[in-house]
Every structure is written in structure tokens, then in C-alpha cells.
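K.L.:
quick one, structure for this:
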Amino acid sequence: MFFVTLAYEVDPKTPVDAQRLLRAELVGRRYFEAHEGKRLPAHCLWAPRSREPGETVDHVSRRCEAELVAAVSAVRKMGFKLRVPRAFIQVTGAGTFGVFEPPDEI
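P.N.:
All right, here's what the predicted structure looks like:
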């Protein structure tokens, strides 16, 4: 089992509805908006992912890239203009992760 972090940027001209639909598309592809009940930052999701025999983290990362491309395409097919100029995908098999909610002083 691997854990994927997906952080993506949308073009500033992207309509809010298109941004919401993209997030919904990704959630429909088994990405999560929260971890242990805490919401992740905007444009950041995570997902558990299994691998097929012989696959490496590179294979899982490419599948996640394809999922993002497919989600963007689905939103565009609905008639929205949407551009994702860059994304960060991290695939890990272990480690500590979670949502940090800083105190008000920061």
C-alpha cells in the first residue's frame, strides 16, 4: 500500500465552479479532502493506492498523473475552461503525515 499526496495549482482565471468540479472529480477517483477529520489545504488531496505486482512508486505516480489529466478533461467536457499549470505528486510507502493546524500566532 502506498500513500499519495497530490497538490495542484489552477490558473487564476479558472472559474470557481470549475475548481470545485475538479476537486469533486478527484474525490470521485478516490482522493480524500481530509485526514483524520481535518480538511487539507485548498488544492491538496491524498489517497491510499495499492500497486500491482512488479510496480514501483514510479508506476503509481504515473497512474496518479493520468488520474489528474482525466479529471481535468472531464471538467473541460462539461464546458468549463480549466488549466492546471503544475502539480506535485508524492508517493510514499511509509512515514508520518497529517494535517497541521497552526496556532493563531503564526
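
K.L.:
can we go C-alpha only for contacts and neighbour counts from here?
P.N.:
OK.

K.L.:
buried residues in stretch 9-28, which are they?
P.N.:
10, 18-19, 21-27 (16 or more other CA atoms under 10 Å).

K.L.:
again with stretch 84-95
P.N.:
When neighbours are counted by 16+ other CA under 10 Å, the buried residues of stretch 84-95 are found to be 89-92.

K.L.:
average model confidence for the longest helix anywhere in the chain?
P.N.:
Criterion DSSP state H: the longest helix present in the chain is helix 57-77. Along helix 57-77, the predicted confidence averages to a pLDDT of 94.

K.L.:
quick one: buried residues of it?
P.N.:
Buried residues in helix 57-77, defined by neighbour count with 16+ other CA under 10 Å: 57, 60-61, 64-65, 68, 70-73, 75-76.

K.L.:
so which residues make contact with it?
P.N.:
Counting by CA atoms under 8 Å, 6 or more residues apart in numbering, helix 57-77 makes contact with 2, 18, 21-22, 25-26, 29, 49, 51, 82-84, 89-92, all of which sit outside it.
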